[in-house]
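**Q** Take a look and give me a structure for this.
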Amino acid sequence: MTHHTTDAAPLTLSVDRAALLVIDVQDRINAVMASDAHVVRIEVLLEACGTLGVPVVATEQYPKGLGHTVAPLAERLPSPPHEKATFSCARDAATVEALRATGRRTVLVVGIETHVCVLQTVLDLLERGFTVHVPHDAVQSRRPADRDWALERMQAAGAVVTSTESALFELLDRCDTDEFKTVSKLLKRVPVD
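**A** Reported below is the predicted structural model:
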């Protein structure tokens, strides 16, 4: 059997290639989402990324009008969110610089709203050559149909649509580590829907 090498980006997440991008989970807009189950999943992702050494970048869209990042997430962020006016994080200079500073080319994208800021960010990151993973259960919109079609559009454009648990097990890679024990306890907090 012959193995072929390619320049294609790896399709699995790894702690040395990935960064987490948390988009706009702010008080006023989060309050009108179809569900708030994404918040606990993002909490788990933030804690797990802290354990695994995966860098985190977060944003807030027009906080003067939409409020600040919801408390359970804000207290877990390693640095303050970048304030932005663009819908796409990839069109905001400070956010792009923060992502570049991680040195990572794979971005795990979570947040709200799926069909606006998340979608535009994912499409722009893909266009710029990033590999993008989107846990379907860690993004949300006011209308479930908007979330669903946005996920389909992202996947058609080349994003990897995944789940919180699947993403974390890819980052863990193996079960015989202290990190696995820590993260597997965190995963017990993820709601089953």
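
**Q** doesn't Val118 make contact with Ser88?
**A** No - Ser88 sits out of contact with Val118 when judged by C-beta atoms under 8 Å, with a separation of 9.4 Å. For glycine as for every other residue, the C-beta is placed from the backbone atoms N, C-alpha and C.

**Q** Who has more neighbours out of those two?
**A** Set Ser88 next to Val118 and count neighbours by other C-beta atoms under 10 Å: Val118 wins out with 29 against 20.

**Q** Leu20 versus that one, what's the distance?
**A** 13 Å (C-beta to C-beta, to the nearest Å).

**Q** if I look at those two, which residues touch both of them?
**A** Common contacts of Val118 and Leu20, defined by C-beta atoms under 8 Å, 6 or more residues apart in numbering, comprise Val110.

**Q** Show the end-to-end separation of stretch 89-109, please.
**A** Start-to-end span of stretch 89-109 (C-alpha to C-alpha, to the nearest Å) is 11 Å.

**Q** Buried residues, it. List them.
**A** 89-90, 92, 95-96, 98-99, 102, 104-109 (16 or more other C-beta atoms under 10 Å).

**Q** Columns distance to Ser166 on top of these, output as JSON lines?
**A** JSON lines is the format used below for the buried residues of stretch 89-109 (distance: C-beta to C-beta, whole Å):
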{"residue": "Cys89", "distance to Ser166": "23"}
{"residue": "Ala90", "distance to Ser166": "24"}
{"residue": "Asp92", "distance to Ser166": "28"}
{"residue": "Thr95", "distance to Ser166": "25"}
{"residue": "Val96", "distance to Ser166": "27"}
{"residue": "Ala98", "distance to Ser166": "26"}
{"residue": "Leu99", "distance to Ser166": "22"}
{"residue": "Thr102", "distance to Ser166": "22"}
{"residue": "Arg104", "distance to Ser166": "19"}
{"residue": "Arg105", "distance to Ser166": "20"}
{"residue": "Thr106", "distance to Ser166": "14"}
{"residue": "Val107", "distance to Ser166": "16"}
{"residue": "Leu108", "distance to Ser166": "11"}
{"residue": "Val109", "distance to Ser166": "14"}
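
**Q** farthest pair in those?
**A** Asp92 and Thr106 (19.6 Å; C-beta to C-beta).

**Q** Could you measure from Arg189 over to Met154?
**A** 26 Å.

**Q** Which one's more surrounded, the two?
**A** Met154 (25 against 11).

**Q** From what I see, that one and Val122 are in contact.
**A** Yes - look at Met154 against Val122 with C-beta under 8 Å: they come within range, at 4.8 Å.
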